[in-house]
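Novice: let me see the structure of the following:
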Amino acid sequence: MAGERAARVWTWIAAAHVGDPPVSIAALCRAAVLWLGVDGAGVTATSGLLAREPLFASDELTARLEELQFTTGEGPGSEDFRFGSPVLIPDLDSAAARWPGFAPAAVAAGAGAIFVLPLQAGAIQVGLLSLYRTQPGSMTPEQLADMLVFAEMALQMMLDAQAGISGEAGIGKTAVIDRFLEQWGRQVGVLRGWCDPLSAPRPLGPLIDMVAQLPGEQAAGLALAQPQQASAVFVGSSQTAAAHAPRSMAFRLLDAVPLFVSLSDDEKEALAATMTRRTYRKDDLVVEQDANMKSLMIIRSGVLVVSRREQDREVELSRLAPGDYFGEDGLFTGSCEEGTIRALTAVVAYEVEQAALAKLVHDRPSIADEVSITLSRRAKRGQALLSDKERTAALAAVPGMVARIRQLFELPHS
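Specialist: Below you'll find the predicted structure:
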C-alpha cells in the first residue's frame with residue numbers, strides 16, 4: 001500500500017507541471033492543492049527559526065500567510081520542529097491565544113485552517129510544507145497519509161537541489177564526482193559523506209548505555225540534565241526562586257518528549273499539573289510483557305531494562321534512561337507492551353494518565369492527528385537500516401493509526 005501511495009503521488013505531481021519540470025516543488029504544490037483537499041500550498045526553505053526563504057507558493061494567500069509568520073514571529077512555521085512533529089490547526093480562530101499576532105491576521109486574510117509539516121533529514125530541518133484551507137476543517141486519515149508522502153518528496157527535491165546534482169539512481173552521479181576528484185582532488189579540499197540515516201532517536205544513547213552498565217549505586221545517579229537556559233539549580237525548598245523561575249520538572253520532561261512538542265506552553269502546563277511522580281526500587285517490576293498500559297511514563301532518573309520472553313530464555317531488548325519514555329503505544333493506540341520492564345537501578349518517573357491527556361485532546365482534537373504523524377515518523381526512522389520498501393511501510397499505517405487514536409479518545413472521525 002505504501003508503494004502504491006507513493007507511486008500515485010508521483011503521478012499527481014508529474015501531471016501538475018505547468019511549464020516547469022514534471023518533478024519540481026511548483027508541481028508538487030499544485031498537486032497538493034488538487035488532491036489534499038486544501039486551497040493553497042507552499043514550500044519554504046529554512047535554516048533555524050529566523051532564516052526563511054519561500055521557494056514556491058501556489059497562490060497569493062499562501063504567500064501572504066508566509067509573510068505574516070515572518071513579520072509577526074508567530075505561527076506554525078515559528079514552532080520548534082526539533083522532533084519532526086507537525087502543526088495541524090483545523091480552526092485558526094481557536095489558535096488566537098497561541099498566536100495572538102498571526103492567527104487573527106491570517107483569519108482576516110481569508111485562512112480558516114493551516115497544516116504545516118517540517119521537512120527533515122534526520123535531525124536537520126531544511127524546510128516546511130505548508131497547506132491552508134479557507135474554511136475550518138480537519139484532514140481525513142487518508143489525506144494525512146498522502147500529506148506525509150508529499151512531505152517526503154518535497155524533502156528529496158530540496159536535498160537534490162542543494163546537492164546541485166540530480167537524476168535517477170544509476171545514471172552516473174557518483175561517476176561525475178569521482179571524475180572531478182581525479183582531476184582536482186589534490187588541489188582542493190574535499191569533504192565527502194553520506195547522510196542516511198541522520199536521525200538520533202536517542203541522543204547520547206551509547207554513552208548512557210555505558211553508564212547504565214556501571215554498578216547500581218553509580219548508575220542510579222544518572223539523571224536528566226538541567227536545560228542550558230536554567231539560571232540556577234534548585235535543590236531544596238528553602239532556596240529563594242529567581243524572578244524567572246525555571247519550569248517545573250514535569251513541564252521540562254514533557255518538553256523533551258517528541259509526542260508533545262506540538263502542544264502550546266499552556267497545554268503543557270495544564271498536563272504537567274496532572275502528572276504523578278512514581279518511584280521504583282532496584283529490580284522492581286514496572287510493566288509486564290503484553291500488558292496494556294493506559295498511561296505514559298517519562299523517566300526522570302535511573303535506568304530501566306526492557307526484556308522479552310522468547311521460548312525458554314529472556315532477551316534484553318533495550319535500556320531506558322532519563323528522558324526516555326514508554327507506554328505510548330498503549331496510551332495512544334491500545335497496543336500491548338512488547339517486553340517486560342524492570343528497574344535496573346532506583347528510578348524516578350513521571351506518569352501522564354490517559355484521562356488527563358483525553359481532556360486536552362477533546363479540547364483540541366488535532367492533537368490526535370499530530371501524535372499519529374509523530375509516531376509514524378518515529379517508526380520510519382527506526383526502520384532506517386531496512387529496505388526502501390520496508391522503510392515506507394510506516395506511511396501506509398497512518399490512516400489506521402489516526403483512526404485508532406480517534407476511536408480510543410472517542411473523537412469524531414473525519
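Novice: confirm residue 115 sits in a strand?
Specialist: Yes. Using DSSP: H, G, I helix; E, B strand; the rest coil, the assignment for residue 115 is a strand.
Novice: which ones are touching it?
Specialist: Residue 115 makes contact with 38, 86, 87, 88, 89, 130, 131, 132, 139, 147, according to CB atoms under 8 Å, 6 or more residues apart in numbering. Bear in mind the C-beta positions are built from the backbone N, C-alpha and C, glycine included.
Novice: next, count neighbours for the fifth one.
Specialist: Translated: residue 89. Residue 89 sits with 27 neighbouring residues when counted by other CB atoms under 10 Å.
Novice: cool, the fourth one as well?
Specialist: Close neighbours of residue 88, defined as other CB under 10 Å, add up to 26.
Novice: ok, it to residue 316 distance?
Specialist: The spacing between residue 88 and residue 316, counted by CB to CB, to the nearest Å, is 37 Å.
Novice: also residue 350?
Specialist: For residue 350 relative to residue 316 (CB to CB), the value is 25 Å.
Novice: so which of these two has more stuff around it?
Specialist: Here residue 350 and residue 316 are set side by side on neighbour count (other CB under 10 Å), and the busier one is residue 350, at 21 against 10.
Novice: tell me which helix or strand that one sits in.
Specialist: Using DSSP states H and E, residue 350 falls within strand 347-353.
Novice: repeat for residue 54
Specialist: When secondary structure is defined using DSSP H and E, the element that contains residue 54 is strand 51-57.
Novice: buried sites along that strand?
Specialist: When burial is assessed from 16 or more other CB atoms under 10 Å, strand 51-57 yields the following buried residues: 52, 54, 55, 56, 57.
Novice: please tell me how far the last one sits from residue 73.
Specialist: The reference is to residue 57. Relative to residue 73, residue 57 is positioned 19 Å away (criterion: CB to CB).
Novice: thinking again about what came up before, what helices or strands is the strand holding residue 54 leaning on?
Specialist: For strand 51-57, the helices and strands in contact under the criterion 3 or more CB pairs under 8 Å, 6 or more residues apart in numbering; DSSP states H and E are helix 25-35, strand 40-47, helix 60-72.
Novice: pull the CA atoms of the last one into PDB?
Specialist: What it means is helix 60-72. Backbone C-alpha positions of helix 60-72 (Å, rounded to 0.1, in the frame of the first residue of the first chain) are rendered in PDB as follows:
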ATOM      1  CA  GLU A  60      -1.400  34.900  -3.100                       C
ATOM      2  CA  LEU A  61      -2.900  33.900   0.200                       C
ATOM      3  CA  THR A  62      -0.200  31.200   0.700                       C
ATOM      4  CA  ALA A  63       2.400  33.800   0.200                       C
ATOM      5  CA  ARG A  64       0.600  36.200   2.500                       C
ATOM      6  CA  LEU A  65       0.500  33.600   5.300                       C
ATOM      7  CA  GLU A  66       4.200  33.100   5.000                       C
ATOM      8  CA  GLU A  67       4.800  36.800   5.100                       C
ATOM      9  CA  LEU A  68       2.600  37.100   8.200                       C
ATOM     10  CA  GLN A  69       4.600  34.500  10.000                       C
ATOM     11  CA  PHE A  70       7.800  36.300   9.200                       C
ATOM     12  CA  THR A  71       6.500  39.700  10.300                       C
ATOM     13  CA  THR A  72       4.800  38.600  13.500                       C
END
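Novice: I'd like the average pLDDT over it.
Specialist: Helix 60-72 shows an average pLDDT of 89 in the prediction.
Novice: same check, this time on the first one
Specialist: The average of the pLDDT scores along helix 25-35 is 93.
Novice: please apply the same query to stretch 280-287.
Specialist: Predicted confidence along stretch 280-287 averages 92 (mean pLDDT).
Novice: which residues are contacting that stretch?
Specialist: Defining contact as CB under 8 Å, 6+ apart, one finds that stretch 280-287 is touched by 216, 220, 293, 297, 302, 304, 326-327, 337, 340-349.
Novice: buried residues, it. List them.
Specialist: 280, 282, 286, 287.
Novice: what about the third one, which helix or strand?
Specialist: Read that as residue 286. Under the criterion of DSSP H and E, residue 286 resides in strand 285-287.
Novice: other SSEs contacting the helix or strand just after that strand?
Specialist: Toward the C-terminal end, the helix or strand that comes next after strand 285-287 (DSSP H and E) is strand 295-301. Contacting strand 295-301 under the criterion 3+ CB pairs under 8 Å, 6+ apart are the following elements: helix 249-255, strand 325-326, helix 328-333, strand 347-353.
Novice: and the second one, what does it pack onto?
Specialist: Think strand 325-326. Packed next to strand 325-326, using 3+ CB pairs under 8 Å, 6+ apart, are strand 295-301.
Novice: so for the strand it packs on, mean pLDDT?
Specialist: Per-residue pLDDT values over strand 295-301 give a mean of 89.
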